[in-house]
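# any chance you could fold what I've pasted below:
(chains A and B)
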Number of protein chains: 2
Amino acid sequence: MGPLKNLKVLDLTRVLAGPYCTMVLGDLGADIIKVEMPIKGDDSRHFGPYQNGESAYFMSLNRNKRSIVLNLKDEKQKDVLKELVKNVDVIVENYRPGTMEKLGLGYDILKEINPKIIYAAASGFGHSGPYSTRPAYDGVVQAMGGIMSITGSEGGKPTRVGPSVGDITAGLFTAIGILAALTNLRETGQGQKVDVAMLDCQVAILENAIARYVVSGESPKPAGNKHSSIVPFEPFNTKDGEIMIAVGNDAIWSRFCKVTELEKLIEDERFKINPNRNKNYKVLKPLIDEQIIKKTTKEWIEIFNEVGVPNGPINNIEMVLNDDQVKARNMIIDVDHPKAGSLKMPGVPIKMSETQGDIRRPAPLLGEHTEDILREVLNYTDEDIKKFNN
Amino acid sequence: MGPLKNLKVLDLTRVLAGPYCTMVLGDLGADIIKVEMPIKGDDSRHFGPYQNGESAYFMSLNRNKRSIVLNLKDEKQKDVLKELVKNVDVIVENYRPGTMEKLGLGYDILKEINPKIIYAAASGFGHSGPYSTRPAYDGVVQAMGGIMSITGSEGGKPTRVGPSVGDITAGLFTAIGILAALTNLRETGQGQKVDVAMLDCQVAILENAIARYVVSGESPKPAGNKHSSIVPFEPFNTKDGEIMIAVGNDAIWSRFCKVTELEKLIEDERFKINPNRNKNYKVLKPLIDEQIIKKTTKEWIEIFNEVGVPNGPINNIEMVLNDDQVKARNMIIDVDHPKAGSLKMPGVPIKMSETQGDIRRPAPLLGEHTEDILREVLNYTDEDIKKFNN
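As a prediction, this is how the structure comes out:
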């Protein structure tokens, strides 16, 4: 059972940033009560691909959650939500700022109901500032946040990162904000609002790009697959494909040369230390190309691993799923779903010695746990359930 | 003051994944005691770019931390580290698995010294499995984890993501693991080890790529900047540049058509709903191209924001730093460093209503706080300090 097994989370999120956050908390043992609108539910229930009519997209992101259907535009059902707020530790939403206020469910109202509540909001631009109420999607935030401008082939156009890192990093930072707020709550008894913007998170992960800009005055550009200052540190063509080689320091360089029949380069002043390899890159690159093309990717992997030269294949998704390390770490798991059958999805990447999180249940059907939750959290009787359903 | 103001973290990390994790904790108020080796310190002190001789790379990642120099290969100084372990809540390291054990500082030994310690390790491949002890760099992990295989121009080669998302996501998951372990510690009194692998984290952020593969049996490929199933959802050329447009649903489509002189398309069956726009993409794309090229990026941004069509410029780093929303959210801050002077770096992306984190101090000089920490945490007297220095 995970470390958050006593945490109750009311989850009003949809699609990706919010559901990713609550998935991480649920994977660590939290009880995630997912509130969905009638009929349609979470929009991502209608995103492909489908397996036996169920969205694989939705199922991957909503394991370990229970679903209760509440119509938040109906006053009586809104009151039920407020009752739930009294009985949970955390509420998470990823509506456009202002939406919860329009529903009469803004933080100011909910904190009156439960002063200890941690109210977390993930949004495109955040709950303050001039763009606050603008709609956003991952593509927009990747464009505006700078990550596209430094991703892509050398000399090429800004390129979107394949996975939706705009949503996912916001989900991760929101999870961190919630757990930090809980630490403070335990010490002070004080609840609070946590406000995370996808755009802010993009700025926070720009890594050395900001430093490079402020020091040089020039915006970095897409640099392809080559490291900006370390050589050799990029993919090379092998007899049957490609291999990523990362010669991170001069000791590795020496080991690299010994196994690639380039021993004569070890003492060559042009290549002896990394700054020189960088300077003489155009002379060096063809010398390495000539050697790496001689063997297969698999052969090189064995040779480099033997001597400790960091390297790896450029895996496609099928190869990732079949990788020995990925399998040994339980990073691909099969989850049985009552309608969809067995579905493969990522495992839990946080490995803990005493309280390992796990997948306790598949993604819920829409409203699958409405009655259970009303009975368990709000002590509804059969009579109450009947009234609720009318 | 941040929500983690009572948390003490002993930080043995270097370069990126580990330091990113402890930066996030430090930004939220934790006291980060960074242990560095004599003379050289954190490797990234020697990574460019430099400002007045100080590494901007290092300074961006190590704000809010104090530095103590300890030689972990010296038995006496190792004993000092063990004394510190008794007095902190968390220890974080990102050595290659096995290194801490070789130093005689493995989890098994440290938990004897402090049974409540949370011991967090971020590594390339994790502390178990066949690749565990292999060296890794971000490029290797991006290659092996699949993200490169789905990033890049359509029909093009696998492309590395600009920022080191292999390191950064591992840093974020490690922070989440630590905070979750602390929750469990408070409830049970039990410390534990948290083991996060960069490769595992790459698998965890593949988003819908795994679902697409398992349902179709085909590995997704780089798809350029176009959304895989929503149209229009990509950058378009304007009179003076590009603009990202994200027509996420049919209501937005109607608003989009009205302001782009494409009103006639709203009721056109070929384009009325998204699946049809997807099917007739090749007919539709030129019709949109023809309109968007007529105005500047700035003009379109105003028009689209007026009516609520998600959009944004493709900002380079300079534009990100000057963006009104980024500025309004304090996402670029100036930090004064005693040697480097004023340096711009990302702000704190987690905004909290009651306990906002902040930048309390610049990155430390090597060993700047050795004496302070010995006096404050271990109650060293002048006499003890003298002995320590001899």
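# alpha carbons only for contacts and neighbour counts from here, please
Fine.
# A:Ile68: what secondary structure?
Here A:Ile68 is recorded as strand under DSSP: H, G, I helix; E, B strand; the rest coil.
# what about stretch A:152-163, average pLDDT?
Taken as a whole, stretch A:152-163 has an average pLDDT of 95.
# revised request: answer the last question for stretch A:339-350.
97.
# which residue lies farthest from the center of chain A?
A:Lys264 (44.9 Å; CA atoms, centre = their mean).
# and the gap between whichever residue of the stretch 201-350 of chain A sits closest to chain B and B:Asn71?
Residue nearest to chain B within the stretch 201-350 of chain A: A:Ile314 (4.4 Å; CA to the nearest CA). With distances taken as CA to CA, to the nearest Å, A:Ile314 is found 38 Å from B:Asn71.
# also A:Lys386?
Taking CA to CA, one finds A:Lys386 at 70 Å from B:Asn71.
# A:Lys116 too?
Taking CA to CA, one finds A:Lys116 at 45 Å from B:Asn71.
# neighbour count for the two, which is higher?
More neighbours surround A:Lys116 than the other of A:Lys116 and B:Asn71, with 21 against 17 (other CA atoms under 10 Å in any protein chain shown).
# name the SS class of that one, please.
Per three-state DSSP, A:Lys116 ends up coil.
# for the most centrally placed residue in chain A, which non-adjacent residue is closest in space?
The centroid of chain A falls nearest to A:Ile168 when counting by CA atoms, centre = their mean (3.5 Å). Excluding its sequence neighbours, the residue lying closest to A:Ile168 (CA to CA, 6 or more residues apart in numbering or on different chains) is A:Ala17, at 5.5 Å.
# the one you found contacts A:Ala120, doesn't it?
No - counting by CA atoms under 8 Å, A:Ala17 stays clear of A:Ala120, with 11.8 Å between them.
# quick check: buried residues in the strand or helix carrying A:Glu101?
Under the criterion of DSSP states H and E, A:Glu101 resides in helix A:99-102. Of the residues in helix A:99-102, A:Met100 count as buried by neighbour count, 16 or more other CA atoms under 10 Å in any protein chain shown.
# next SSE downstream of that helix?
Helix A:99-102 is succeeded, C-terminally, by helix A:107-113 (DSSP H and E).
# need the next SSE after that next one, C-terminal direction.
strand A:118-123.
# contact partners of that following strand?
Residues outside strand A:118-123 that contact it (CA atoms under 8 Å, 6 or more residues apart in numbering or on different chains): A:17-18, A:89-97, A:107, A:170-171, A:174, A:177-178, A:181-182, A:191-198.
# now for the strand or helix carrying A:Val320, which elements pack on it?
For A:Val320, the host element (DSSP H and E) is helix A:317-321. Taking 3 or more CA pairs under 8 Å, 6 or more residues apart in numbering or on different chains; DSSP states H and E as contact, the helices and strands that helix A:317-321 lies on are helix B:208-216.
# what's the offset of the helix it packs on from the middle of its chain?
26 Å (CA atoms, centre = their mean, to the nearest Å).
# for the longest helix anywhere in chain A, which positions count as buried?
The helix that spans the most residues within chain A, counting by DSSP state H, is helix A:165-188. Buried residues in helix A:165-188, counted by 16+ other CA under 10 Å: A:165-185.
# can you name the next helix or strand after that helix?
Counting by DSSP H and E, what follows helix A:165-188 is strand A:192-197.
# for the residue lying closest to the residue of the stretch 201-350 of chain A closest to chain B once chain neighbours are set aside, give its distance to B:Gln51.
Of all residues not flanking A:Ile314 in the chain, B:Ala143 sits nearest, at 4.4 Å (CA to CA, 6+ apart). Look at B:Ala143 and B:Gln51: by CA to CA, they are 32 Å apart.
# the two: who's more crowded?
B:Ala143 (30 against 19).
# tell me the SS of that one?
helix.
# I'd like to know how far it sits from B:Ala197.
For B:Ala143 relative to B:Ala197 (CA to CA), the value is 14 Å.
# most proximal residue of the stretch 1-150 of chain A with respect to chain B?
For the stretch 1-150 of chain A, CA to the nearest CA, closest residue to chain B: A:Ala143, 4.4 Å.
# so how far is A:Asp200 from that residue?
Counting by CA to CA - A:Ala143 and A:Asp200 are separated by 13 Å.
# now A:Asp240
According to CA to CA, A:Asp240 stands 42 Å off from A:Asp200.
# these two - which one has more neighbours?
A count of neighbours by other CA under 10 Å puts A:Asp200 above the other of A:Asp240 and A:Asp200, at 30 against 12.
# so what touches the helix or strand hosting the more buried one?
Element membership for A:Asp200, per DSSP H and E: helix A:198-204. For helix A:198-204, the external contacting residues (CA under 8 Å, 6+ apart) are A:122-126, A:141-142, A:144-147, A:166-167, A:169-170, A:173, B:320, B:326, B:329, B:331, B:346-349.
# was I right about the residue of the stretch 1-150 of chain A closest to chain B contacting B:Ile314?
Yes - A:Ala143 lies in contact with B:Ile314 (CA under 8 Å); the separation is 4.4 Å.
# okay, and the common contacts of the two?
With CA under 8 Å, 6+ apart as the test, A:Ala143 and B:Ile314 both reach A:149, B:244.
# let me know the pLDDT of A:Ile230.
89.
# ramachandran angles for it?
phi -110, psi 140 (degrees, to the nearest 10).
# same check on the one 4 residues further on?
Geometry field for A:Glu234 lists phi and psi as phi -170, psi 170, criterion degrees, to the nearest 10.
# quick revisit: can I get the CA coordinates of the helix holding A:Asp200 in CSV?
Only the C-alpha atoms of helix A:198-204 are listed here, as CSV (Å, rounded to 0.1, in the frame of the first residue of the first chain):
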residue,chain,number,x,y,z
MET,A,198,1.4,25.1,-17.5
LEU,A,199,3.2,28.1,-19.0
ASP,A,200,5.1,28.7,-15.7
CYS,A,201,6.2,25.1,-15.7
GLN,A,202,7.6,25.3,-19.2
VAL,A,203,9.7,28.2,-18.1
ALA,A,204,10.8,26.2,-15.0
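# neighbours of A:Ser353, how many?
Neighbour tally, A:Ser353, other CA under 10 Å: 12.
# beta partners for the nearest residue to it once chain neighbours are set aside?
Leaving aside its sequence neighbours, A:Ser353 sits nearest to B:Lys193 (CA to CA, 6+ apart; 5.2 Å). Beta-bridge pairing for B:Lys193 (DSSP bridges): B:Tyr119.
# tell me who's in contact with B:Lys193.
A:352-354, B:107, B:118-121.
# and of those residues, the nearest to B:Gly217?
For those, the closest approach to B:Gly217 (CA to CA) belongs to A:Met352, at 32.4 Å.
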